[in-house]
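Colleague: Next comes the sequence, and after it the predicted model I'd like to discuss.
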Amino acid sequence: MPESRTMHSQISINTLCLAPDSLGNQIDIVARLGCRAISPDLTHVEEYGIAESTRQIGDAGLEVAVLTHRAFGFANAEEERAARERLDSTIGIAAQIGAPTIIMTTGGRGALTWAQARDRFAEAIAPCVETANSAGIQLGIEPTSHLYADASIVHGLADTTAVARKAGISVIPDIFACWVDSDIEDAIAEAGPHISLIQISDQVYGDRGLPCRAVPGDGEIPFERLIPAFAAAGFTGYYDLEIIGPRMQAEGQEPGLVRAAAHIASCLEGISQ
């Protein structure tokens, strides 16, 4: 087990930003980089085996920051039933691997109005919220680009917080999706008590084709302003590196992640406990 870490203690690495590989090899990369926590994808855990995933994460001296579940789905009764069964299964897996939080998108709204979809989502997920609470696990939703309207009803941070509060779950800001919100500072202050994790990547002006995320510091997102705002709102948890796309892979994922962690650490200096 590693005796020390070289990355800031509030930084985690999401396996979605690593090249396709077995979860075991991804765990080795995260540990080798000196990171404290890993954020695996549900599919990777299932493919690698829940027991083996748990063992290897523990042997590497890592914590699990969040488990990625993806979309919930609630547009009709059949989707709701299937979504609840799948999420209940994920809650059980999260408990086994030691994940304190599950991240997901809400699912699309179909023909519903936004307000109808907000209420339907909260009603549909309520039994799973009770199950998760009993297991000591937080459910969380993230804002997404409007290009993923089939998978989410929330695209700005304020709307994400409104839906999360209605459903009694947490907020997981994806900075790439919401940094351009006109009310971002006010939205951060409002979301603060409900945030369980923050996802980090940068955006370079002119990039159009998704995925087009960049290493923090290489683009235009003002982390130097936003991270202190999150801290001022009371957030003390993980900043999860989720840098998806060709930019970091062209550089090399390990040097890219080291640079990303260093940039976020510099923004955290003087505000971390």
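Modeller: Okay, I see it. Here the structure is a predicted model, which means the values were calculated and not measured.
Colleague: Check which helices and strands the strand or helix carrying Ala51 sits against.
Modeller: When secondary structure is defined by DSSP states H and E, Ala51 falls within helix 50-59. The elements that helix 50-59 packs onto, with contact taken as 3 or more Cβ pairs under 8 Å, 6 or more residues apart in numbering; DSSP states H and E, are helix 23-32, helix 77-97. Where C-beta positions appear, they are placed from N, C-alpha and C, glycine not excepted.
Colleague: and after the first one, which helix or strand comes next?
Modeller: Scanning forward in sequence from helix 23-32 by DSSP H and E, the next helix or strand is strand 37-39.
Colleague: in whichever helix or strand comes after that following strand, what counts as buried?
Modeller: Following strand 37-39 in sequence order, the next helix or strand is helix 42-48 (DSSP H and E). Using 16 or more other Cβ atoms under 10 Å as the test for burial, helix 42-48 gives 42, 44-45, 48.
Colleague: What pairs with the very next helix or strand once past the helix holding Ala51, parallel or antiparallel?
Modeller: Stepping forward along the backbone from helix 50-59, the first helix or strand reached (DSSP H and E) is strand 63-64. The pairing partners recorded for strand 63-64 under DSSP bridges are strand 37-39 (parallel).
Colleague: tell me which residues of the partner strand are tucked away?
Modeller: Counting neighbours by 16+ other Cβ under 10 Å, one finds that the buried residues in strand 37-39 are 37-39.
Colleague: low-confidence ranges in the stretch 151-273 of the chain?
Modeller: Counting by pLDDT under 70, the stretch 151-273 of the chain contains low-confidence ranges at 272-273.
Colleague: Please enumerate the strands of it.
Modeller: Along the stretch 151-273 of the chain, the stretches classed as strands by DSSP state E, counting those that start in this stretch are 170-171, 198-200, 202-203, 213-214, 239-241.
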